[in-house]
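J.: fold the following for me, if possible:
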Amino acid sequence: MDNNPADDVPFTSREAAEHFRVARSTIRQWVRRYRIEPAGSVLAGNGQPAPTYRFGDLVRAERLTRTSKRGGRPRVDRLSPARDRL
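T.: Down below sits the predicted model:
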């Protein structure tokens, strides 16, 4: 798999929800369902740390979600190589 520099761009759940046009709860579901590891954290507006996630991991989760909605079987293990690169 080619390492695209854009894959490493950090997104908060709020930014990811806006980008993918889904609810923040959907992003949290992807994180749980596809075992996406936080890539870091930033200070949120309330002064609390907010986890960030790699854009590439979020894109793969979104694709897996589309696959499962079409009747395909999502393969959770497909996200494992991305976590190994961290």
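J.: contact partners for the spatially most central residue of the chain?
T.: Centroid-nearest residue in the chain, with Cα atoms, centre = their mean: residue 58, separated by 2.6 Å. With contact taken as Cβ atoms under 8 Å, 6 or more residues apart in numbering, residue 58 is in contact with 11, 16, 20, 27, 30, 36. Where you see a C-beta, it was placed from the backbone N, CA and C, and this is true even at glycine.
J.: export these to TSV and tack on secondary structure and distance to residue 4?
T.: Putting the contacts of residue 58 into TSV (DSSP: H, G, I helix; E, B strand; the rest coil; distance: Cβ to Cβ, whole Å) gives the following:
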residue	secondary structure	distance to residue 4
11	strand	15
16	helix	17
20	helix	17
27	helix	20
30	helix	19
36	coil	17
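J.: widest-spaced pair of those?
T.: Within the contacts of residue 58, two members stand farthest from each other by Cβ to Cβ: 20 and 36, at 13.1 Å.
J.: between those two, which is the more surrounded one?
T.: residue 36 (21 against 17; other Cβ atoms under 10 Å).
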